Structure formats: C-alpha cells, structure tokens
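K.L.:
pasting the sequence and the predicted coordinates here, then a few questions.
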Amino acid sequence: MNSSAQKSGQLLYRDNGQRSAVLSKTRKIVLKVGTRLLTGDKTSSKSQRVFQLVEAVAGLRKKGYDVILVSSGAIGAGMTVLGSSKRPRQLPRLQSYAAVGQCRLMYLYETACEKFGFHSAQILLTSDDVQDRERHLNVTSCLNALLAKGVLPVINENDSVSVDEIKFGDNDTLAASVAVMVKADLTLLLTTVDGLHETANGEFGRRISVVNEITPEITGMAKGTADPNFSVGGMTSKIQAANAVNRAGETLWIADGSDFNITGDIVAGKDVGTLFLPVKNTPMRGHQRYLAFFADYNGSIVIDPGAVKALTKEGRSLLPKGIIDAAGQFQRGDTVRIMTAGGTEIARGICNYSKEEVLKIRGAHSQEIDNILGYQAIDNTVIHRDRMVITENASDNTTTITSGN
C-alpha cells in the first residue's frame, strides 16, 4: 500500500512496543461486546457465551484491571424468550422485546458473576443521560462507586424507551461515550473480525496493527469493505468511536472476540487486532470532555483568522475584538460553538454573554465593553480559555459522540 498515510508513518503493520506501553499505564478498561458474539451457535448456547465472557472478565479483574462492560443483546434475548425467530421492525415491538430480553440478559450475567465471586449491576442509558450535565455527573459517580465496590457494571442502551432523538445509534458509540466519561485508559471493542484491514475493490488486504492517526484514508478503508459482518455500524462506527476516544487522549483496541480468551492475549501485549493511539498523550480534563463530546450547544460565534490563531495556537481566551458574528439563541452560561468564517468549528465554550450582548460588543476592545453595554462588564473575555475546549480537528460527524446535536 503506497498511500500517504503509510508514508507519514500513521499506519504500522507490526507492533513495535506500542501495546506494552499502553498496557503499562492501563488500569481501567471499557469492554464492548456485540450481539453476534453473545448469540449462541452449534457449540455454545447464549448462556454459555455469557459465562465465557464473564470468565474472561474475571481474568482481567484478577490481573488488577477495573472493567466496565458494554453489552448488546437485549432484543436478541427477548426474541428467544418470546419465541420469535425474526427481529421485529415496529418500534413498540422492538422496545417490548428489549424490556423482556434485558431481564434475561442480566439474569445470565449475575448468575455467571456469582460463580466467580462478584456481582453485576445494570446501567441503562440514553444519550440524554450523558448530555444533561447533572445526569452525566450522576452516571459517572455511580460507575466509579460500583468499581470501588468490586461490582461489574453492565451497560446497554435503554432500548425500551429509546427513540431516534435520544439513541446513541450503536453500542460502539455508547462504549466510546462511557470511556470518555469515566476516563478509561483503554477501550476494547470485541467484534467478529481481527481488526482493520487494507481494502481495495472491496477485498481485504493486510491487517493494520497500529493506527497513529485517523485520516480520511483510514476512514475510507472502513467504508470500502464488502464484508457482511460490517453491515450494521461495522468498522465505520468503530473508527468513529476510536476517533472520539483518541481525541480525549486515550487508546482504543479492536480485536476478534469469537474466543473471549483473546482478552488474555490482549493484556499480554500480543500483536492482535488493531490499536488506535491518540495523537496527543495528554488526556482531556473532565470539563473539557463534557464540552467537547456531550454538551448541547445553543448557538455559535464566528471569529476572524487572528482570533482562530490566538485560540488554537496560543491558548488564549476569546475576546470581543476577534468576533465577526453570532447566531442561534444563547444566554450567559450557555455552551456555544466557535466557528471560522468558513463554517468550520474550532472550539466550544461557555459564553459569558448573551447573543444580543455579543453582537453589540463584537469587534470592540475589552475595555470598551462597559460603555457599549451601558453597565459594568461581567468579564473582559467572551469565553475564558479555562471554560473552552479546542475541537479544530473535528469534523461535523465526530465532534460529538452522542446524538441530539
């Protein structure tokens, strides 16, 4: 493969110590397992597959890792309980199958966990739960408390109430959301293939061992696959999840989970699957994560090239002098997007002024704010750098990892 990605060193076909370096700093793991891996086959029933998964999780826990499990399978379990061989299409029926199946799924998890000397806990989420600031903090606190008690959190989307407006979309996105929330050192997505491969004309080439930066070429590899295992979400959603986790400053690993014992190979640092490394090794702080990935925005502020440079290259606050325009309906304390004149988002932040005030003071010097507004300025910055996160490398479909924006 003679792509620019390979030439710039963004792709590696053999691990050169990257896995060992990641694992040496890893304590908290978010492990995602999809429906297909939990579905029983001729050799194993669903209950046996759940037991095998929990056995693998127990092995990770014995090695000192905190594990949060993101598990699909509620609708499939509901189909089994209700004797249906065909997945329904109507939303109410899907929701009812999920409600029935989630009970069955958690029974299997708790039964298996008890055999290994610990308990499981059910956490059902919608995207609203992580976008609302108070609920976001409550979920994070709950998960940390469960880990402190040695309980295995089992997270799934709340399919019994979710509709399009509040859905994550798929559990790869859900896993990335959870990983960013809890600052997981490693996100492990177990799937039905052995990692990201080169693709040409819909055919697989070599497995890529390490991705140092997600580029359009790499995204294109996912879109170019013709493998039916990627028919729903598939590798595209996994790369989007990797992009989010990497932007937060942490690592994501995709591997074949057909045999759950692969988790032992993974924590042994063996060159399996594909490792996605963050470009920057400094993890985002908590409030930056919320602003970058979860906070709903109420408007936008357009800035000039000088302000773009000041924010992205010099770590400055946003001053009125660099503002060109404002749009939307926002008040003091609301989250807004900071945009270039060309329409590219470069940052998000909590605004110190309403839209109407921003339009009045745009282009002015900070010391002129009082006279322009006719009252004492709240702050001489429109958005302080401590209440801002730079998102300059994010495209529209990767800026956030939840729906609703």
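P.N.:
Happy to help now that I have it. Numbering: from 1, shown residues only.

K.L.:
wait, residue 29 touches residue 185, no?
P.N.:
Yes - contact criterion CB atoms under 8 Å: residue 29 and residue 185 qualify, at 7.0 Å. From N, CA and C alone the C-beta is placed, and that goes for glycine too.

K.L.:
tell me which of these two has more neighbours.
P.N.:
Neighbours per residue, other CB atoms under 10 Å: of residue 29 and residue 185, the larger number sits with residue 29, 23 against 19.

K.L.:
excluding sequence neighbours, find me the nearest residue to residue 284.
P.N.:
Nearest residue to residue 284 in three dimensions, chain neighbours excluded: residue 248, at 5.0 Å (CB to CB, 6 or more residues apart in numbering).

K.L.:
all helices for the stretch 1-150 of the chain, in order.
P.N.:
4-7, 18-23, 35-38, 46-62, 74-81, 91-115, 127-131, 133-148 (DSSP state H, counting those that start in this stretch).

K.L.:
any chance of JSON lines for those helices, columns mean pLDDT and distance to residue 391?
P.N.:
Shown next, in JSON lines, are these (pLDDT from 0 to 100; distance: least, CB to CB, whole Å):
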{"stretch": "helix 4-7", "mean pLDDT": "41", "distance to residue 391": "22"}
{"stretch": "helix 18-23", "mean pLDDT": "97", "distance to residue 391": "24"}
{"stretch": "helix 35-38", "mean pLDDT": "86", "distance to residue 391": "32"}
{"stretch": "helix 46-62", "mean pLDDT": "95", "distance to residue 391": "33"}
{"stretch": "helix 74-81", "mean pLDDT": "82", "distance to residue 391": "33"}
{"stretch": "helix 91-115", "mean pLDDT": "91", "distance to residue 391": "33"}
{"stretch": "helix 127-131", "mean pLDDT": "89", "distance to residue 391": "16"}
{"stretch": "helix 133-148", "mean pLDDT": "95", "distance to residue 391": "18"}
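
K.L.:
among those, which is nearest residue 216?
P.N.:
Of all those, helix 4-7 sits nearest to residue 216, with 8.7 Å by CB to CB.

K.L.:
what residue is smack in the middle of the chain?
P.N.:
residue 176 (2.3 Å; CA atoms, centre = their mean).

K.L.:
so where does it fall, helix or strand?
P.N.:
Residue 176 belongs to helix 171-182 when assigned by DSSP states H and E.

K.L.:
tell me the average confidence for that helix?
P.N.:
The average pLDDT for helix 171-182 rounds to 95.

K.L.:
domain map for the protein?
P.N.:
Using automatic domain parsing, the domain parsing of the chain gives 4-287, 297-390.

K.L.:
between these, which gets the lowest average pLDDT?
P.N.:
domain 4-287 (a mean of 87).

K.L.:
now that domain, how far from the centre of its chain.
P.N.:
Distance of domain 4-287 from its chain centroid, counting by CA atoms, centre = their mean, to the nearest Å, is 10 Å.

K.L.:
report how many residues lie close to residue 23.
P.N.:
For residue 23, the neighbour count with other CB under 10 Å is 18.

K.L.:
this completes my enquiry, with thanks.
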